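[1] Quick one: sequence plus predicted model below, questions after.
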Amino acid sequence: MKDKIGNRVVKFEELNWRQIQELDKNKTIFFLPISPLEEHGPHLPVGTDLLITKDAAMEAIKILNKEKPDLTYVLLPMVPLGFCKFNSDFPGSISISGKTVRDIVYSIGSSLGDHGFKYIVICTFHMALRHLKGIYNAMKRLENRYDMKTCEPWGPYYWSKGIEKNEPRLGFDTRKEVHAGFRETSLMKYQYPYLVDNSYKELQSIYRDLNSPRVLGKTFKQLGLKNGYIGSPARADADYGRWFFNEIVKIYVKTTLDLYNGKKPPELPKKVRNTMKALFWY
């Protein structure tokens, strides 16, 4: 199969069942991009997380084709779903429960597992803990039932503060850039500049501590976030966006190779894992 596809990005939906059947079960790695459609301020599209995730997965596959050409990497169709109830009071946000996220990821993985496939990389840029809880519960089920090797690369890096540790010095506190702020606007300026509304240049810096007990369970509008963003989008810079995008791709590539080579994938920090366990599914 590898000889037939060369180094292009193989898309699952473009294969017929015989081609899928011919894939080496022990040398094929599937990538599943999943992130919700949700508002990202008045300046970014609702598909921001999904577009970032899909592009990073595609770029990672291109690099893996060169670094480890004896394997086959298959990109599954994007799943535009996830938990985002906190900003569902804006039009454009489509939120499902973490339990539904779990069922979707597990159903896709089990369909592959039923036919003997062994590896799946879950790609998401959406870091809401109920969303991640669904993904990680599905991964555990797939590992238990099929002995499938699974990983979700970005969560452990994000929640371990990998961005802050490695990003260029910027002169301001990027830890406050929570949603549709400097980081995501920079990414979209680099990847999809034509989708970034010029109003971003005039948006004021707005910050909220979403980890405070006083804000738990409240939506963005209830917190006074009338424009649906947290951070400083006006500072957005395409050069930073390029660095950030390449950092995501680098993490995808490394984690995928570690997964195939039998190394234990990075884990979410213990505090994050404990918080996820305590969360209800809704």
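    Thanks, I have the structure now.
[2] burial measure for the closest residue to Gln21 other than its chain neighbours, as a count.
    Of all residues not flanking Gln21 in the chain, His115 sits nearest, at 7.6 Å (Cβ to Cβ, 6 or more residues apart in numbering). For every residue, glycine as well, the C-beta is placed using N, CA and C. By the criterion of other Cβ atoms under 10 Å, His115 has 12 neighbours.
[3] ok, now Pro156?
    18.
[4] One more: Asp24?
    Residues contacting Asp24 under the criterion other Cβ under 10 Å number 14.
[5] In three-state terms, how would it be classified?
    Classification of Asp24 by DSSP: H, G, I helix; E, B strand; the rest coil places it in coil.
[6] pretty sure it is touching Val74, no?
    No. Applying Cβ atoms under 8 Å, one finds Asp24 not in contact with Val74, separated by 11.4 Å.
[7] so where is this protein shaky, pLDDT-wise?
    Low-confidence segments of the chain (pLDDT under 70): 1-7, 213, 282.
[8] Mind doing that once more with 80?
    Low-confidence segments of the chain (pLDDT under 80): 1-7, 210-217, 281-282.
[9] And the helices in it?
    Here the chain has its helices, by DSSP state H, at 2-5, 17-22, 48-67, 98-113, 129-146, 154-159, 162-166, 182-191, 238-260, 270-278.
[10] Give me whichever of those helices is most buried.
    Of all those, helix 182-191 carries the top mean neighbour count, a mean of 24, counting by mean count of other Cβ atoms under 10 Å.
[11] any idea of the angle it forms with helix 238-260?
    When axes from the mean of the first three to the mean of the last three Cα atoms, to 10 degrees is applied, the directions of helix 182-191 and helix 238-260 differ by 90 degrees.
[12] got the contact list for helix 182-191?
    Under the contact criterion Cβ atoms under 8 Å, 6 or more residues apart in numbering, helix 182-191 has outside partners 40, 43-45, 48, 51-52, 55, 163, 174, 177, 195-196, 200, 231-233, 235-242, 244-245.
[13] 6 Å - rerun?
    44, 48, 52, 55, 177, 196, 200, 231-233, 235-238, 240-242, 244-245 (Cβ atoms under 6 Å, 6 or more residues apart in numbering).
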